[in-house]
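*Asks:* Show me how the following folds:
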Amino acid sequence: MSTATSTTNPNPPASGKGLVLYDVAFISPREANTAAPNPWKARYALNFKGVPYHTKWVQMPDITRVRKSLGVPPCRKFADGKDFYTLPILTDSSTGAKIGDSFDIAHYLQTTYADSGAGDLFPPMPEGRLHYQLSGLMASLVPLSDRSDSEIHADYAKFQHNVDWAFSLHAQLVSDGMRFDTELQDAIHAEFARRAGVASFEALTVKGDEARGKLLASLRDTLRDLALLFQSDKESTRGEEGGEKRGPFLLGDQPSHADFIVGGWLRMLSKTLPEKEWEEEVRVWYGGLFGRLHDVLQERFGEVKV
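*Replies:* This next block holds a predicted model:
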């Protein structure tokens, strides 16, 4: 499987020296509102490894131009086969590397800066701990990177593939909560609709308590088996409380990139869901498991470096 990586131009201009994470520019203040899940997976990995870097904000309409200008190939395609240009991108002037996929960024950080930070991003997992499998996957409104057949950290790759599907299938919950600079919002909404092949942005949203309640319930049920993986003995769930509580990460007290994969999506939900749905629904599902995970990740690895 080809990866979205380039190693050309080992001496970029001064503004791009060091490690640079290219992230989507949400409405100002950007550090507080940044919410795209894949850049957040990369940010968590960077902060975990403790390597110095800074963030470069890219407006949604400029993502294709910026990615092409850096010479980073796309890592996703639309259903019609056309290239889908997206973020994050990580550039490293010390090696000349340019990586355009969050999973590849984590792998790059682990191989290039193996002894840095808080340890191994991809520690061995107990058998079955990453086995989160969705059946009968439907088409997502957002093109996803297909890591299902990756030979690099294969168990983590399959885990990410299914986690991304689980959340993406419920993307209508967050569409209306994504906020961009006022002068660009209409154009960005129109582009979202064009990419999804629908007549208007409103078709990508879901409104009304009943409709949103059904979609939230679907997300909760879809995440049930994921929640089980975070529980110590993987006992059968007892309603929303689940089995015996354990540490906040899949390995208890030891974080890994698998936690960051889930955490990227939790960050998006925390910033784009109505407050009541985040605080009274997602945060408290399965005994508050997802709320605790989000809080710990934000406290330990959530700094937005600019």
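
*Asks:* For W165, pull up the helix or strand it's in.
*Replies:* helix 154-168 (DSSP states H and E).

*Asks:* and the next element down the chain from that helix?
*Replies:* The next secondary structure element downstream of helix 154-168 (using DSSP H and E) turns out to be helix 172-175.

*Asks:* Pull the number of nearby residues for D209.
*Replies:* Burial of D209 is recorded as 7 neighbouring residues (other CB atoms under 10 Å). For glycine as for every other residue, the C-beta is placed from the backbone atoms N, C-alpha and C.

*Asks:* what's near enough to touch it?
*Replies:* Contact analysis of D209 by CB atoms under 8 Å, 6 or more residues apart in numbering lists nothing.

*Asks:* now the helices for the stretch 201-306 of the chain?
*Replies:* Secondary structure of the stretch 201-306 of the chain (DSSP state H, counting those that start in this stretch): helices at 209-222, 224-229, 257-272, 275-280, 285-301.

*Asks:* Which of these has the highest mean neighbour count?
*Replies:* Ranked by mean neighbour count, these are led by helix 257-272 with a mean of 24 (mean count of other CB atoms under 10 Å).

*Asks:* I'd like to know which elements that one is packed against.
*Replies:* Based on contacts counted as 3 or more CB pairs under 8 Å, 6 or more residues apart in numbering; DSSP states H and E, the elements that helix 257-272 packs against are helix 37-49, helix 102-112, helix 154-168, helix 172-175, helix 285-301.

*Asks:* Serialize those to CSV and add fields for distance to G247 and mean pLDDT.
*Replies:* Putting the helices and strands packed on helix 257-272 into CSV (distance: least, CB to CB, whole Å; pLDDT from 0 to 100) gives the following:
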stretch, distance to G247, mean pLDDT
helix 37-49, 16, 98
helix 102-112, 21, 97
helix 154-168, 18, 93
helix 172-175, 28, 95
helix 285-301, 9, 97
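
*Asks:* Including distance to R129, could those go into JSON lines?
*Replies:* Converted to JSON lines, the helices and strands packed on helix 257-272 look like this (distance: least, CB to CB, whole Å):
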{"stretch": "helix 37-49", "distance to R129": "18"}
{"stretch": "helix 102-112", "distance to R129": "17"}
{"stretch": "helix 154-168", "distance to R129": "8"}
{"stretch": "helix 172-175", "distance to R129": "27"}
{"stretch": "helix 285-301", "distance to R129": "15"}
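
*Asks:* among the helices of the stretch 201-306 of the chain, which is nearest A154?
*Replies:* When the helices of the stretch 201-306 of the chain are compared by CB to CB, helix 257-272 sits nearest A154, at 12.7 Å.

*Asks:* what mean pLDDT does stretch 72-91 have?
*Replies:* Averaging pLDDT along stretch 72-91 yields 80.
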